[in-house]
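[1] Okay, predicted coordinates and the sequence, questions at the end:
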Amino acid sequence: MKKLLLFAAFLLQSLLNFGQTNYSGTYGYSFEPQVSPPKNEKATGHNGKLVLLKMEENKYRFWLDVATGWPGNNVGETDGTITFLNDTASFDNTFEDATTPCVLKFKISNKVISINSMSTSFNCGFGDNVSADGDYSWLKQQPVLNNDWLRKEYNQAPNAKVIANKAEIFKDENCINSFSPKKYFMKGDNILNISDTEKSVYTEYIPSPGKFIYGWIKKTALELINTD
């Protein structure tokens, strides 16, 4: 019994330590082209980039881009939300017309995140011969992850301006479940209208490096800006 209690305590402590660590940042890899390009042409080989932003505890928002490189340069991209259990997480990225599933398996070890799709590129919805599989290492030169970067990721999302003195951010589209502690945007803040319902808007926001705000806001607190 004592051994079981000690193991349970060790497991709980491991989970707590993992939750306290922030793995937000950019990871990637890049290889030389397998076929030599012309001397006057710059080219890269198989490459991949993974961006993680911590949402809460072990939950992360991610963006993944992979490419075969020269000469075909076929690409694949996806994004979503994953939750790590200890050092592993999974994401169902099955393409709509796929005959078998594509589940991306994430595993963190030190500053490296390994991805294994255990499937074909078609089932993942990527281009020909594109695979998410690989070891993505923490980049020594970290790109700046800010609201300008987010706007490029959501280049077709319209803007919205906060017109209420304080606009609470909720966990759900019905704007019922608050964060603890509560989160707010202030009057004059400009946000992205990433998705919306009849009465609410979903947005994401990066106030400072390593910080990530996300959630739903009541439309009554916003002025929606038409970018057409």
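    Looks like it came in fine.
[2] what about the closest residue to K219 other than its chain neighbours, distance to I176?
    Excluding the flanking residues, the one nearest K219 by Cβ to Cβ, 6 or more residues apart in numbering is K199, at 5.6 Å. The C-beta positions use only the backbone N, C-alpha and C, and glycine is treated the same way. According to Cβ to Cβ, to the nearest Å, K199 stands 11 Å off from I176.
[3] Among the two, which residue is more densely surrounded?
    Comparing K199 with I176 by neighbour count (other Cβ atoms under 10 Å), the higher total belongs to K199, at 12 against 9.
[4] I'd say that one and D172 touch.
    No: assessed by Cβ atoms under 8 Å, K199 is found out of contact with D172, at 11.7 Å.
[5] Please enumerate the helices of this protein.
    Secondary structure of the chain (DSSP state H): helices at 2-20, 121-124, 147-153.
[6] Can you point out the buried residues in stretch 162-177?
    Neighbour counts using 16 or more other Cβ atoms under 10 Å place 162, 164, 167-171, 173, 175 of stretch 162-177 among the buried residues.
[7] Extract the CA atoms of that stretch and return them as PDB.
    Output of stretch 162-177 as PDB, limited to C-alpha atoms (Å, rounded to 0.1, in the frame of the first residue of the first chain):
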ATOM      1  CA  VAL A 162     -14.400  47.300 -27.700                       C
ATOM      2  CA  ILE A 163     -17.000  50.000 -27.000                       C
ATOM      3  CA  ALA A 164     -18.000  48.900 -23.400                       C
ATOM      4  CA  ASN A 165     -15.900  50.200 -20.500                       C
ATOM      5  CA  LYS A 166     -15.100  46.600 -19.700                       C
ATOM      6  CA  ALA A 167     -15.900  43.600 -21.900                       C
ATOM      7  CA  GLU A 168     -15.700  40.300 -20.100                       C
ATOM      8  CA  ILE A 169     -14.200  37.300 -21.900                       C
ATOM      9  CA  PHE A 170     -16.100  34.100 -21.400                       C
ATOM     10  CA  LYS A 171     -15.100  30.400 -22.000                       C
ATOM     11  CA  ASP A 172     -18.300  29.600 -24.000                       C
ATOM     12  CA  GLU A 173     -20.200  31.100 -26.900                       C
ATOM     13  CA  ASN A 174     -23.200  31.700 -24.800                       C
ATOM     14  CA  CYS A 175     -21.100  34.000 -22.500                       C
ATOM     15  CA  ILE A 176     -22.100  32.200 -19.300                       C
ATOM     16  CA  ASN A 177     -19.000  30.600 -18.000                       C
END
